[in-house]
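In: sequence first, predicted model second:
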Amino acid sequence: MRLPCPRGPMSSAATARLRCAPDDVAAGPVPAATGLPVLHDEDLQLTLWICYELSYRGFDDVDAGWEHAPMITGLRRQLEHRWVNGLRDLVTPTAVEPDAVPRALADLVRADEGPPLAKFLQRRASDAQFREFVTHRSVYHLKEADPHSWAIPRLSGAAKAALIEIQADEYGQGRLERMHSELFRATMRALGLDDGYGTYVDRVPAVTLAVSNLMSLFGFHRRWLGATLGHLAAFEMTSSLPNRRYGNGLRRLGGDPTATRFYDEHVEADAVHEQIAAHDLCGSFARENPAAAGDVLFGAACGLAVEAEFGRTLLAHWEAGRTSLRLVDAGAEGFQGGDPELVQRAEAVAGIDDLAVR
């Protein structure tokens, strides 16, 4: 994976520095907030995604020594402050008694009125729209479970055992062909998409990056351990029915069992994970860490809110007859048109099969 094309002053400055040798120069102050909603701030979300990705698999054109360099840690800290403030504008933290956490999670999920993205994909989506949906999801699903795994060494007792039980399923019980990320690769290949890690980052908008960045924000910090677990619980508790619809939608479009297996697997697995996540994981954690019980609900609520905005964004574009992917223009500001390498990369990304709707 190579560094993505920048989308503004922060990502431009960051990518320029990352192409050099690592140094100990601290990060300067970031530009003032643009006034855009944090979920749709392209420059902020891309820059954060780059900072986080250095601690996952990194970039082939970036020295691994940058991961903990002062520029990256300082930049990430400033952007995370803005990111958390934006999340608190979306979600109001709620106090909850530790013993009430599983029920509160169930109530939160039951009250969620997210957009009908799964129904649309099941009943109405065209082949091109379903491929766009898979393209968006590739940013997370190709590293599925990794952000939540940061929590494993920070837990103990029943909560740790519960998380490992869930994660073991996500990683296919140690069998490569059953790993959920590998099942998603098979879906991508069946749809004629490139299954390379990070291939489509330049094509997805800020709100797609925000879905991934939320997990990374919580996963990277012990401060947000409860939020990580709450996010995972909400993810598992709202997954089974949508995945049934995704699978049925793909079958409607002619998808074979290999193409739909990723979704079919989640229908069964997440129905089991739902109870483990709410009671054994979050319930046990809250009882052992009563001061963090509210964080569990905050993480769950943030996950639902960000997913809802992601769904609304895709549906708004499709209902208007537009692609939900970014239209990569090699001459656009932010792609540094004077850099031949970046222009060539932007043109190549823009030509991906019939995803390049112009």
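Out: Looks like it came in fine.

In: buried sites along stretch 25-39?
Out: Neighbour counts over stretch 25-39 (16 or more other Cβ atoms under 10 Å) mark 27, 30, 38-39 as buried. (Each C-beta comes from the backbone N, C-alpha and C, glycine too.)

In: turn those residues into TSV, including pLDDT and distance to Trp150.
Out: Converted to TSV, the buried residues of stretch 25-39 look like this (pLDDT from 0 to 100; distance: Cβ to Cβ, whole Å):
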residue	pLDDT	distance to Trp150
Ala27	95	23
Val30	93	24
Val38	96	22
Leu39	97	22
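
In: OK, contacts around Thr135?
Out: When contacts are counted by Cβ atoms under 8 Å, 6 or more residues apart in numbering, Thr135 touches 193, 200, 203-204, 325, 355.

In: residues making contact with the strand or helix carrying Arg88?
Out: For Arg88, the host element (DSSP states H and E) is helix 70-90. Here helix 70-90 makes contact (Cβ under 8 Å, 6+ apart) with 10, 14, 17, 23-27, 29-30, 33, 37-39, 44, 47-48, 51-52, 54, 66, 213-214, 217, 302, 305-306.

In: rerun at 7 Å
Out: Residues outside helix 70-90 that contact it (Cβ atoms under 7 Å, 6 or more residues apart in numbering) are 14, 17, 24-27, 30, 33, 38, 44, 47-48, 51, 54, 66, 213, 217, 302, 305.

In: returning to what we had before: would you mind giving me the PyMOL syntax to select the buried ones in the contacts of Thr135?
Out: To isolate the buried subset of the contacts of Thr135 in PyMOL, counting by 16+ other Cβ under 10 Å, use the following:
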select buried, resi 193+200+203+204+325+355
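
In: now, the contacts of Thr135 that are in helices?
Out: Nothing among these maps onto helices, per DSSP state H.

In: pick the one among the contacts of Thr135 closest to Leu297.
Out: Minimum distance to Leu297 across these is 28.5 Å, recorded for Val204 (Cβ to Cβ).

In: re the thing from before, now the element after the helix holding Arg88, going C-ward?
Out: helix 101-111.

In: other SSEs contacting that following helix?
Out: helix 225-237, helix 293-319 (3 or more Cβ pairs under 7 Å, 6 or more residues apart in numbering; DSSP states H and E).

In: now with 6 Å, please.
Out: Counting contacts by 3 or more Cβ pairs under 6 Å, 6 or more residues apart in numbering; DSSP states H and E, helix 101-111 packs against helix 293-319.

In: grab the nearest non-local neighbour of the residue nearest the centre of the chain.
Out: Centroid check for the chain by Cα atoms, centre = their mean gives Ser212 as the closest residue, at 2.0 Å. Nearest non-adjacent residue to Ser212, counting by Cβ to Cβ, 6 or more residues apart in numbering: Tyr140, 4.8 Å away.

In: spell out the secondary structure type for the one you found.
Out: helix (DSSP: H, G, I helix; E, B strand; the rest coil).

In: just give me the neighbour total for it.
Out: 21 (other Cβ atoms under 10 Å).

In: for Gln275, same thing?
Out: Residues near Gln275, counting by other Cβ under 10 Å: 14.

In: ok, then the element right after the helix or strand containing it?
Out: According to DSSP H and E, Gln275 maps onto helix 257-275. Reading on from helix 257-275 to the C-terminus, the next helix or strand found by DSSP H and E is helix 284-288.

In: if I look at Leu214, how far off is Pro116?
Out: 22 Å (Cβ to Cβ, to the nearest Å).

In: thinking again about what came up before, next, the angle from the helix holding Arg88 to helix 293-319.
Out: Computed by axes from the mean of the first three to the mean of the last three Cα atoms, to 10 degrees, the angle separating helix 70-90 from helix 293-319 equals 80 degrees.

In: quick check: mean pLDDT of helix 70-90?
Out: Across helix 70-90, pLDDT averages out at 97.

In: domains in this structure, by residue range?
Out: Using automatic domain parsing, the domains assigned to the chain come out as 1-90, 97-319.

In: give me whichever of these is most buried.
Out: Sort the domains of the chain by mean neighbour count, taking mean count of other Cβ atoms under 10 Å, and domain 97-319 sits at the top with a mean of 20.

In: how far does that domain stretch from start to finish?
Out: The first residue of domain 97-319 is 42 Å away from its last residue (Cα to Cα, to the nearest Å).

In: setting aside sequence neighbours, what's the nearest residue to Phe220?
Out: The nearest residue in space to Phe220 (Cβ to Cβ, 6+ apart) is Trp150, at 6.4 Å.

In: what's the angle between the helix or strand harbouring Ser11 and helix 70-90?
Out: In this assignment (DSSP H and E), Ser11 forms part of helix 9-18. Comparing the axes of helix 9-18 and helix 70-90 via the same axes, to 10 degrees yields an angle of 160 degrees.
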